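Participant: A predicted structure for the sequence below; I have some questions about it.
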Amino acid sequence: MRNPYAIGETIYLRPIEPADAAECHSWLNNTEVRRGLATRTTPHTEASSRAFIASLDPARDQVFAIMTRGDGIHVGTCGLHEIDATSRHARLGMVIGRKDHWGRGFATEAIVLLCQHAFETLNLRRLWLSCYATNDRALRLYRRLGFEVEGRLREHAFIEGQYVDELQLGMLRGELRPLV
C-alpha cells in the first residue's frame with residue numbers, strides 16, 4: 001500500500017495526487033461513468049484534471065484515491081467538499097471510474113471509510129450529497145448506508161434527452177448503518 005490514509009477490507013483511501021490526473025480524466029469522459037456526475041457535459045483532459053486537483057483547498061476539500069488492497073489499482077475517487085468546520089457538515093462525492101471494477105463493493109466500502117473519517121476524525125455532524133433520481137444503483141447504496149432523501153429538485157438536470165429530478169440526501173452522525 002502506498003501512502004494509505006484509511007484502510008478497509010478490500011480497498012484503502014490515499015490522498016489524491018497530481019499524477020492521478022493521468023488516469024482520472026479518461027473515466028470522466030466515459031458516457032456510463034459520467035451519466036451520474038454533475039460534470040457530465042464537460043469534456044475532461046489530463047490538464048483539466050490536474051487543475052482540479054491543484055485547486056483543492058485542504059480546509060474545504062479532502063479528496064482520496066480509492067485503491068484496491070490486493071493489487072493497488074486506482075479504481076475511483078471520493079471526497080468531502082465544502083467542509084464547514086463551524087456548522088460541522090460537508091458534501092460527499094464519489095465515483096468508481098473503472099467500469100471493470102463496478103459491482104465489487106468498492107463504492108460501499110469507500111463511502112463507509114469516508115463517513116467514518118468525516119464523523120470520527122473531522123468531528124462533523126452531517127454529510128449531504130446530490131444524486132439523480134435515475135441513478136438507481138447509487139440511491140440503493142446511499143439508502144442502505146443510512147442516507148435519507150431530504151429534498152427533490154424537480155426536473156433539475158437534462159440527461160440524455162430527458163429532464164430528471166435531482167435528489168438531496170443527508171446523513172447525521174450516528175446514522176451510518178454497519179455493513180452486514
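Facilitator: It's in.
Participant: got a pLDDT number for residue 180?
Facilitator: Confidence at residue 180, expressed as pLDDT, is 62.
Participant: let me know the outermost residue of the chain.
Facilitator: residue 161 (25.1 Å; CA atoms, centre = their mean).
Participant: flag the shaky bits of the protein, pLDDT-wise.
Facilitator: Scanning the chain for pLDDT under 70 picks out 38-41, 180.
Participant: residue 144 contacts residue 179, correct?
Facilitator: No - applying CB atoms under 8 Å, one finds residue 144 not in contact with residue 179, separated by 9.0 Å. For the C-beta atoms, the positions are set from N, CA and C on the backbone; glycine is no exception.
Participant: ramachandran angles for residue 114?
Facilitator: Torsion angles at residue 114 (phi, psi; degrees, to the nearest 10) stand at phi -70, psi -40.
Participant: any idea how far the residue minimising distance to the centre of the chain is from residue 170?
Facilitator: The residue lying closest to the centre of the chain (CA atoms, centre = their mean) is residue 94, at 1.2 Å. Computed as CB to CB, to the nearest Å, the residue 94 to residue 170 distance reads 15 Å.
Participant: with residue 150 instead?
Facilitator: 5 Å.
Participant: so how far is residue 106 from the closest residue to residue 30 other than its chain neighbours?
Facilitator: Spatially, and ignoring its direct neighbours in sequence, residue 30 is nearest to residue 99 (6.9 Å; CB to CB, 6 or more residues apart in numbering). Distance of residue 99 to residue 106, given as CB to CB: 12 Å.
Participant: same check on residue 92?
Facilitator: Counting by CB to CB, the gap from residue 92 to residue 106 is 15 Å.
Participant: name the SS class of the closest residue to residue 8 other than its chain neighbours, please.
Facilitator: Excluding the flanking residues, the one nearest residue 8 by CB to CB, 6+ apart is residue 109, at 4.5 Å. Classification of residue 109 by DSSP: H, G, I helix; E, B strand; the rest coil places it in helix.
Participant: before we move on, what about residue 76?
Facilitator: strand.
Participant: go on, residue 86?
Facilitator: Residue 86 is classified as coil under three-state DSSP.
Participant: from the chain's centroid, how far away is stretch 169-180?
Facilitator: Offset of stretch 169-180 from its chain centre (CA atoms, centre = their mean, to the nearest Å): 15 Å.
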